[in-house]
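K.L.:
have a look at this prediction, sequence included:
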Amino acid sequence: MSSSELLKGKTALITGSNRGIGKAIVEAFASNGANIIACARLETDEFKTFLRDIATEFNVETFALYFDLAFEDQIKKALKPILSNKNKIDILVNNAGVHYGGFLQMTSLQKIREVFEINFFSQLFVIQLISKIMTQQKSGSIINMASMSGIDSFAGYTAYGSSKAAFIHSTMVLAKELSPFNIRINAIAPGFIDTDMSRDINPKALGTTMSEMGITKLASPRTVSDIVLFLASDLSQNISGEVFRVTNGKYTKVND
C-alpha cells in the first residue's frame, strides 16, 4: 500500500481544522485519500479556500461544519445531519481545544469549568454521537488530542493539565468499552508545537518550561499529524488505549 492510499475511501471528521495541528491533519489525511468533514468554530473565506484547494489537489471530498464546543446545542445541531443520514465515519479526530495558564489562586472556578467544558465534556459528547455510527459499522478509529500537561505537572496548569488528564483517562477507559465493536481509540500528548496556541503563551513562561524539558525549539505541526495519520490508518490496527508523547527531543520531567 502506497502512502497516498493509507486512508483511501475513508471519511474522517476532524475538529479544530482551521489552523495549526488541525490544518496539518486535514492535509495529511487528504493526501492519503480520505474524504474530510472539517469542523471549525467560525466560517471564514480563508478556511473555505483552504478546503476547496485541498479537495482539488488530492481529488477528495471536503465538507465544513461550524460549531462552538462551548455549547452542546451547537454541537448537536451541526452533527444532526450526519447522524440522521447515517453517514459513514471511519475516523474521528478530537483536535479542538483551548489553552489556559494561571496559578490556582488567581483562577476562578468558572474559568476552570470553561476549560473543562471545551477540553473534556464537549469532546466526550462528540465521541458519544460519532461512536454511535461507528458502533453500527463495527469499525472506527478515534484519536484524542491530549497534552503532556495531562501527564506531568507544570506550575500554572491546574485547569488545562487537569482537563487533559481527564481526557487521557477517558481514552483508556473507552478503549475497553469500544473494543467489542472494533473501534480503536488513542490519545496524543504533544509538547509545545509551533502553532498560534503556543505563540499566545507568555514568552518567558514558555521559555522556562521548554528549558525545564530540555527542548530547544518548537515541534512542527507535521510531527503530530504524521502520528495521527498512523493511528487513523490500518497500520495501527492492533493499537488502542495508548498515549503517544510528541515533545521534539529530550524530555525531562519537572519533578524529577
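P.N.:
Yep, it's here.
K.L.:
which residues in this structure form strands?
P.N.:
Using DSSP state E, the strands of the chain run over residues 11-14, 35-40, 62-66, 91-94, 140-145, 183-190, 243-246.
K.L.:
let's have those strands in JSON lines, adding distance to T223.
P.N.:
For glycine as for every other residue, the C-beta is placed from the backbone atoms N, C-alpha and C. Listed next are these as JSON lines, based on distance: least, CB to CB, whole Å:
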{"stretch": "strand 11-14", "distance to T223": "17"}
{"stretch": "strand 35-40", "distance to T223": "20"}
{"stretch": "strand 62-66", "distance to T223": "23"}
{"stretch": "strand 91-94", "distance to T223": "15"}
{"stretch": "strand 140-145", "distance to T223": "13"}
{"stretch": "strand 183-190", "distance to T223": "8"}
{"stretch": "strand 243-246", "distance to T223": "6"}
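K.L.:
mean pLDDT lowest where, among those?
P.N.:
The minimum mean pLDDT among those belongs to strand 243-246 (a mean of 90).
K.L.:
elements contacting it?
P.N.:
Other elements packing on strand 243-246 under the criterion 3 or more CB pairs under 8 Å, 6 or more residues apart in numbering; DSSP states H and E are helix 158-178, strand 183-190, helix 221-232.
K.L.:
so T11 sits right up against A30, yeah?
P.N.:
No - using CB atoms under 8 Å, T11 is not in contact with A30; the gap is 11.4 Å.
K.L.:
which residues do those two both contact?
P.N.:
Common contacts of T11 and A30 (CB atoms under 8 Å, 6 or more residues apart in numbering): I36.
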